[in-house]
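Q: model this:
(chains A and B)
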Number of protein chains: 2
Amino acid sequence: MQKNYQQKTLGILGGGQLGRMVIQSAISYNIDIHILDPDPEAPCKSICQKFTRGSLTDFETVYAFGKDCDIITIEIENVNTEALEKLVEEGKEVFPQPQLIRLIQDKRLQKTFYKEKGIPTADFILTENKEEVKHQAAFLPAVNKLGKEGYDGRGVQILKTKDDLDKAFDKPGLLEKLIDFDREIAVIVAKNPKGEIISYPSVECAFHPTANLVEFLFAPAEIPEAIETKAQEIAKKVIQELGLIGILAVEMFVTKSGEILVNEIAPRPHNSGHHSIEANFTSQFEQHLRAVMNMPLGDTSLRSPAAMVNLLGEDGFQGEAFVEGMDEAMKEKGVYIHLYGKKITKPFRKMGHVTILDENMDSLKSRAVKIKNIIKVKA
Amino acid sequence: MQKNYQQKTLGILGGGQLGRMVIQSAISYNIDIHILDPDPEAPCKSICQKFTRGSLTDFETVYAFGKDCDIITIEIENVNTEALEKLVEEGKEVFPQPQLIRLIQDKRLQKTFYKEKGIPTADFILTENKEEVKHQAAFLPAVNKLGKEGYDGRGVQILKTKDDLDKAFDKPGLLEKLIDFDREIAVIVAKNPKGEIISYPSVECAFHPTANLVEFLFAPAEIPEAIETKAQEIAKKVIQELGLIGILAVEMFVTKSGEILVNEIAPRPHNSGHHSIEANFTSQFEQHLRAVMNMPLGDTSLRSPAAMVNLLGEDGFQGEAFVEGMDEAMKEKGVYIHLYGKKITKPFRKMGHVTILDENMDSLKSRAVKIKNIIKVKA
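A: Got it, this is the predicted structure:
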């Protein structure tokens, strides 16, 4: 007999804030969640039905963890895909599919995929080591990216002139033309095994000037309708060409000439979709559940314009976290604080986020800045 | 040093669906929740930070449980208030206050309180036993209510004629004039220790014809503005006169002549506020947290008209629950399914609820009926 959703166990590789918010959604569906994470104090630890402490990159650990689950998914890309492939061979459902996680783990494979499939992306050159980068002075200014293990601003550097070439990474990576973009947008798209595909209205991301992390996000992105349509089409093309099941965040540059270039993708709930909890009819976390569990996908329209502010650990503070300014922020209408259950703060650590709803885009923007200045995570 | 919200432990007496939805909110604030419940499979069990299996009415159990917490609240009224009073004496914060829980536990004290405070309510007569009820033929038609332990339709009966008197309860209770009401509404109101009071727009409750449980709820209630204003005033007067900290659901009759009469109150999140998760700026569950933890209260306005349908265990089915019709319901825009994590269904057991958002009240109503017919909890 076919199992009802509530009788299936969903295993998640990774127990951080993304898993935590997936669990908040899963509670409404009675879905049992098992979590694997190396951190004994992972944000998901005390709210999942089973927590296993262990490495996400170790074959045996991942394999043993997956054996106990009906469906396995991820909230971080850096996992052992060989173990996931073995689980698929043995009949487990693993979404996103292991070979796609492997493709996305490696920015070199990712870029090559875009090129092969005709998905617009910045020009690039694959490089094997520092020596090869050094030969590409003519290609500058460029972004030098490590193929693997870049995450949250790590493994990415900008090489503007010949003088910068000395600091180039000395591992397999790529050089990408530095795009003089007008704005950066993201579209989240989802696909389930039934083949349904649905995308979210695009959002605009404003990055922290030094930490290379999203600082503000605004939904909807203020772009002409033609560009919005194009962005939606590109996001759908990416998930379609990948054949990926689950949720996919597609980050794109809008160039000054109105061109759209795919920057990076993430096959999981993503920072650019956090506002969807309050701002959209279906949150990205619920959508991810719906996609990997083969439920019907949910409506993605915006209920209200929204801004999202990441709460990063304040620079200069390390230790037991204390959130300053909660009361002042909580007094405001349409302000939603989400803390991630991390006991220890350190500079720029993602400790939480705040979503702000406001029908007026101008007041939304000024309120987002205000909230960011009110709430500080210190120690 | 004063503790931050995230450093306080909140104990909840009762681990059912109300506690479960409080926990879904509490996760966003990093609040540690301890649960006491006699059921080893209580809906809160696997999502709280500490679960204690034990009786809610036993002095020692409740006292020992509370000793470990900073703040203690309830999600069911039938708890040992003596233990809670001892905890208050020893410096714990207990909200709602134990003496108010005791007052509300006893419908005789509740009704007497309304009378003393000039809060409009149906006329009533206190009765000690069946014999006393039998002498009140002239007061019929009336509702005969047990003083204590009435809950979810139990302990309430309608006595229309003299012939019904034989089935009257034989315990301390009350006879209340049967009100020929036009509609039944509810207003949720909250108060925090700072003294802030805020109320939710009133909702309209439609009861199941035989099970005496809310079958449908519609927000906002379709009543004239003057009646809405009056309902808000009455709800605020009740919480003010009680001096209650926390959330209070005030159920009221609107009579055919436009009078408002308080029916019953519940000092906790309530079935009449379930829609607030998606329909209001602040959900009743988060509001309860804000109130008992002395956070600023949140805005209560409606973001969208909403309907709520209780998912009761289908009559004729008992055993391991299976939810029929999920897929069909999940395809619809603005439909939110909440299952309560109960493995076993039985006739009329509250297994979950569904909230439907729709800007148009007419289509909202027809969609609520449709959803109720689609989703069935069977075994």
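Q: tell me the phi and psi of A:Lys148?
A: Here is the backbone geometry of A:Lys148 (degrees, to the nearest 10): phi -120, psi 160.
Q: gap between the closest residue to it other than its chain neighbours and chain B?
A: Nearest non-adjacent residue to A:Lys148, counting by Cβ to Cβ, 6 or more residues apart in numbering or on different chains: A:Asp106, 5.5 Å away. For every residue, glycine as well, the C-beta is placed using N, CA and C. A:Asp106 is 34 Å from chain B, where distance means Cβ to the nearest Cβ, to the nearest Å.
Q: Can you pull the phi/psi pair for A:Asp106?
A: Phi and psi for A:Asp106, reported as degrees, to the nearest 10, are phi -110, psi 110.
Q: what do you get for A:Ala219?
A: The phi/psi pair for A:Ala219 (degrees, to the nearest 10) reads phi -130, psi 130.
Q: Pull the number of nearby residues for it.
A: Per other Cβ atoms under 10 Å in any protein chain shown, the neighbour tally for A:Ala219 reads 26.
Q: which one is it nearest to, not counting chain neighbours?
A: Nearest to A:Ala219 is A:Val203, by Cβ to Cβ, 6+ apart, at 4.3 Å.
Q: Likewise for A:Phe216?
A: Spatial nearest neighbour of A:Phe216, excluding adjacent residues (Cβ to Cβ, 6+ apart): A:Ala206 at 4.2 Å.
Q: Pretty sure the one you found sits against A:Ala186.
A: No: taking Cβ atoms under 8 Å as the definition, A:Ala206 is not a contact partner of A:Ala186, at 11.5 Å.
Q: Could you check which of those two is surrounded by more residues?
A: Neighbours per residue, other Cβ under 10 Å: of A:Ala206 and A:Ala186, the larger number sits with A:Ala186, 27 against 16.
Q: Next, the buried residues of the longest helix anywhere in chain A.
A: In chain A, assigned by DSSP state H, the helix with the most residues is helix A:225-242. Buried residues in helix A:225-242, defined by neighbour count with 16 or more other Cβ atoms under 10 Å in any protein chain shown: A:227-228, A:230-232, A:234-239, A:242.
Q: Which of those sits closest to A:Val250?
A: A:Val250 has its nearest neighbour among the buried residues of helix A:225-242 in A:Ala235, at 4.3 Å by Cβ to Cβ.
Q: And that closest one, how close does it get to A:Asn280?
A: The spacing between A:Ala235 and A:Asn280, counted by Cβ to Cβ, to the nearest Å, is 15 Å.
Q: picking that back up, note down every partner strand of the helix or strand following the longest helix of chain A and its orientation.
A: Counting by DSSP states H and E, the next helix or strand C-terminal to helix A:225-242 is strand A:246-255. With DSSP bridges as the test, strand A:246-255 is paired with strand A:181-191 (antiparallel), strand A:260-266 (antiparallel).
Q: buried ones in the first one?
A: Burial within strand A:181-191, assessed by neighbour count using 16+ other Cβ under 10 Å, is assigned to A:181, A:183-191.
Q: For the residue positioned nearest the centre of chain A, give me the pLDDT.
A: Geometric centre of chain A, nearest residue: A:His270, 2.7 Å, by Cα atoms, centre = their mean. pLDDT recorded at A:His270 is 97.
Q: Does A:Phe169 fall in a helix, a strand, or a coil region?
A: Here A:Phe169 takes the coil state, with states given by DSSP: H, G, I helix; E, B strand; the rest coil.
Q: you'd agree it is up against A:Asn144?
A: Yes: between A:Phe169 and A:Asn144 there is a contact under Cβ under 8 Å: 5.8 Å.
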